[in-house]
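>>> Build the 3D model from these lines:
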Amino acid sequence: MRIALTALLAATLSMTAPAQDLTPKAPAQSRPIAIVHATIHPVSGPEIPDGVIWFDKGLIAHVGPASDWADLKTRARFAEAPTEIDATGKHIYPGLIGPYTQQGLLEIQSVRATIDTVETGSVSPEVRATVAVNPDSTVLPVTRANGVLLAGVFPDGGIIPGRAGVIRLDGWTRPDLTVREESGVVLRWPNMRPVNAWWNTRSEDEQLKEIKANLDAITKVFDTAQAYAKAKAADPAAPTDLRWEAMRSLFPTGEKDAPRPSGTLFVQADDIDQINAAIPFCAERGVRCVLLGGRDAALCAPLLKQHGVSVIVYGTFVMPRRDDAPYDDGYTLPKRLFDAGIPFAIGGGDETAHERNLPYAAAMAVAHGLPQEAAIRGITLSPAEILGVADQYGSLEQGKSATLIITTGNPLEVETHVTHAFIDGRQIDLSNKQTELAKKYRERYRQTGDLKNEKK
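From the prediction side, this is the model:
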C-alpha cells in the first residue's frame, strides 16, 4: 500500500508540476513611458502614421503625432524623466481581447483535475467564473505573448451555468487578474427540434419531451427570478436569495422612468429556431441579451436589429453546420453580420490552450470579405463594449487604460511579432513555457552544429 501511494503521489506531482507559470508578474508602472514614431491604431479613430503615445500611472495621457512630443515634454513637467521607446517602423494597437474563453479555468484538456469550467447543478446563476481562475496557469503567458491581454471568462454546463467576467492576463492573485467580476448571466438555450443523426439513439418523442422540459425549466427560472426582483424592489428588507439575487440586474423594476436594467444575458444559441425563440423570450421580460455563437444570426438580422442584440462569434475556423451550407459558412459569418449592421465580436474558437490564435480567426474573416478595420475592432473595442469594459479598454484614447501592444506589423498576419506589451501601464514579460522550450531545443542543435539559418 505504501509503495502504491508513493507511486500515485509521484505521478500526481509529475502531472501537475508543469502546470504552474514561473514567470514573475509585472510591477506597477513606476515612471512615465512614451512610445514614439510608431504607426498608432487607436481603433476608435483614424490611424496616426508617425505618432506618439505616452502614459503614466497606468493611464494614457496623450495620443497624437510624434511632432507633439517635444512640446509635450516641456509642458508636462515630469517629476521623473519618462522612459522613451523608439518604435520606428512598428505599430501600436490596443491589447487584443478574447471575448469568449475559459482562460485560467482549463489547463490540460485530458486531465480532469485541471478543468474547472462546470459547477454542480443545472441552474447556478450565483456562480462567478472569475472566482475559479488560476493566476498561475501556464496558458495565460502563452496567450498574452501574441497580444491577447484581456479575456472574457465564461462558465459552462447546465441551463444557467453562472456569470461571465473579464480578466487581464497578468497578476499575482485572482483579484489582481479580475477586471470585472460580472459581465452577465449565461443561459444555454436548448435545441428546438429533434436531431436526426446516425449517432443519436433517442426517438423523436423522447427528444420532444426533453425540449419541452428544458423550455419549461427556463420559463420557471425566469418567472421566479423576476418575481424575486419585483419583491426586492418593493421591499429591500425582504430575505435575500443568492441564486435569484444574481439575476436581479437583468429585469426592469417596473417603476415609471426607471433606468434600463444594467445586466446582460448571454444566450448560447446557434440554430435559427433557437434564436427566433430566445430573442422574443428576452424581449418579453425586458432583458437585454447578447448571442453566443449565433451561427444562424445573419438569417435573423431584422429580429436582432429590432432588439439591439449583439453577437459573440465563437470563431471562424469551423465546419459548415448543414450538408447544404456553403464551405465558407463559418468564414463569412462576421462579414454577413457586418453587412447587416449587427454589432459583433470575434472569438478564437479553439481550445483554451490555443487562444493565442485569436487574431487569425479575425484574419480568416478578412480573407472572406470583412473589412480589416472591422476585424481589428472585432477583437478589441467590440468585445470591450459587449463585456462592459469599454470605458477603460479596447481603444487607445486619453484617460483609458494603457493596455496596448507594439508589433512588427498587422497582428492579423502570422508573421507579425509582438515586441512589447503593457497592461494598465505595466510592461509584461512575454517569455513563457513555449519560448523557453524553443531556446532549449535551439541550443541542442547549436551544440550539434545542425542549426541552419540561425538568425532567422
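>>> give me every residue that touches L304.
Neighbour list for L304: 275, 279, 291, 297, 311, 340, 342 [criterion: CB atoms under 8 Å, 6 or more residues apart in numbering]. In short, each C-beta sits where N, CA and C put it, glycine included.
>>> and the last one, how far is that from R377?
So the one you mean is I342. Distance, I342 to R377, by CB to CB, to the nearest Å: 13 Å.
>>> okay, the two: which has more neighbours?
The residue with more neighbours, out of I342 and R377, is R377; 25 against 21, by other CB atoms under 10 Å.
>>> Angles on the backbone of that one, please.
R377 adopts backbone torsions of phi -60, psi -30, taken as degrees, to the nearest 10.
>>> Tell me how many other residues crowd the nearest residue to it once chain neighbours are set aside.
Among residues not flanking R377 along the chain, V43 sits closest, at 5.7 Å (CB to CB, 6 or more residues apart in numbering). For V43, the count of nearby residues is 20 (other CB under 10 Å).
>>> neighbours around R243, how many?
17.
>>> that older thread, could you tell me which of the contacts of L304 belong to strands?
291, 311 (DSSP state E).
>>> Show me the two of the contacts of L304 that sit farthest apart.
Across these, no pair lies farther apart than I279 and A340, at 14.5 Å, counting by CB to CB.
>>> which one of those two has more residues nearby?
Legend: neighbour count by other CB under 10 Å for I279 and A340, higher for I279 (21 against 16).
>>> Am I right that that one is in contact with R288?
No - using CB atoms under 8 Å, I279 is not in contact with R288; the gap is 11.1 Å.
>>> Partner strands of the longest strand along the chain and their direction?
Longest strand of the chain, by residue count under DSSP E: strand 178-188. Applying DSSP bridges, strand 178-188 is found paired with strand 162-168 (antiparallel), strand 265-269 (parallel).
>>> still on that earlier bit, can you give me the distance of the residue nearest to R377 to E397?
In terms of CB to CB, V43 sits 9 Å off from E397.
>>> contact partners of stretch 404-412?
Residues outside stretch 404-412 that contact it (CB under 8 Å, 6+ apart): 35, 38, 53, 85, 87, 89-96, 146-147, 149, 359-360, 362-363, 366, 372, 375-376, 396, 415-422.
>>> what mean pLDDT does it have?
The average pLDDT for stretch 404-412 rounds to 98.
>>> same thing with stretch 112-124?
The average pLDDT within stretch 112-124 is 90.
>>> now the strands for the stretch 201-350 of the chain?
Listed in chain order, the strands of the stretch 201-350 of the chain (DSSP state E, counting those that start in this stretch) span 265-269, 289-293, 310-313, 344-346.
>>> Pick the most deeply packed of the ones you listed.
Mean neighbour count (mean count of other CB atoms under 10 Å) peaks for strand 344-346 among those, with a mean of 30.
>>> and that strand, what other elements does it pack with?
Contact partners of strand 344-346 among helices and strands, from 3 or more CB pairs under 8 Å, 6 or more residues apart in numbering; DSSP states H and E: strand 96-101, strand 310-313, helix 333-340, helix 358-367, helix 381-387.
>>> what's the spacing between it and its chain's center?
Distance, stretch centre to chain centre, for strand 344-346: 10 Å (CA atoms, centre = their mean, to the nearest Å).
>>> Can you name the residues that contact E84?
Shown in contact with E84 (CB under 8 Å, 6+ apart): 33-36.
>>> what distance separates the start and the end of stretch 128-136?
Using CA to CA, to the nearest Å, the end-to-end distance of stretch 128-136 comes out at 19 Å.
>>> Check stretch 31-46 too.
By CA to CA, one end of stretch 31-46 lies 28 Å from the other end.
>>> Next: stretch 383-394.
End-to-end distance for stretch 383-394: 8 Å, by CA to CA.
>>> wait, isn't A28 in contact with D56?
No - shown here, A28 and D56 do not form a contact pair, counting by CB under 8 Å, at 11.3 Å.
>>> who's more crowded, these two?
It is D56, of A28 and D56, that has more neighbours when counted by other CB under 10 Å, with 21 against 9.
>>> From Q29, how far off is that one?
D56 sits 7 Å away from Q29, going by CB to CB.
>>> Contacts only, for the closest residue to S262 other than its chain neighbours.
Using CB to CB, 6+ apart and skipping residues adjacent in sequence, the residue nearest S262 is S249, 5.1 Å away. Residues near S249 by CB under 8 Å, 6+ apart: 261-263.
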